[in-house]
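**Student:** quick check, what structure comes out for this input:
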Amino acid sequence: YYGRLRWMPDGNGLAYAARQQGVGNIWVQPLDGSPAKQLTHWGTNPIFSFGWSRDGKWLAYASGTVTSDVVVITDQKR
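**Tutor:** A predicted model of the protein is given here:
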């Protein structure tokens, strides 16, 4: 779920979803080589996808939890 890249609206960096210390957030890696900066400060849920509005003023994102169920089917013929 992590590692999706999006250009920043101004074109000066790449935004990406990452999980650090169990918390999912969006980070920005500037193209000038400076260190990455944390853009959001959210909770523990992973970020599945995100994108900028056309004018660059809004950030939409989808987050949630990942769950799964396991069902075991055995041969019940007797």
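**Student:** contact partners for Asn12?
**Tutor:** 30-32 (C-beta atoms under 8 Å, 6 or more residues apart in numbering). For every residue, glycine as well, the C-beta is placed using N, CA and C.
**Student:** let's see it at 7 Å
**Tutor:** Asn12 makes contact with 30-31, according to C-beta atoms under 7 Å, 6 or more residues apart in numbering.
**Student:** show me the helices in the chain, by range?
**Tutor:** With helices called from DSSP state H, the chain shows none.
**Student:** what about it, any weak spots by pLDDT?
**Tutor:** 1-3, 78 (pLDDT under 70).
**Student:** where do the strands of it begin and end?
**Tutor:** 5-7, 13-20, 23-30, 37-38, 47-52, 59-63 (DSSP state E).
**Student:** just send those strands back as TSV, with distance to Asp69 too.
**Tutor:** Formatted as TSV, the strands of the chain follow (distance: least, C-beta to C-beta, whole Å):
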stretch	distance to Asp69
strand 5-7	32
strand 13-20	23
strand 23-30	23
strand 37-38	34
strand 47-52	19
strand 59-63	21
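**Student:** for those, give me CSV that also has mean neighbour count and distance to Gln76.
**Tutor:** Listed next are these as CSV, based on neighbours: other C-beta atoms under 10 Å; distance: least, C-beta to C-beta, whole Å:
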stretch, mean neighbour count, distance to Gln76
strand 5-7, 13, 49
strand 13-20, 17, 42
strand 23-30, 17, 42
strand 37-38, 12, 53
strand 47-52, 16, 38
strand 59-63, 13, 41
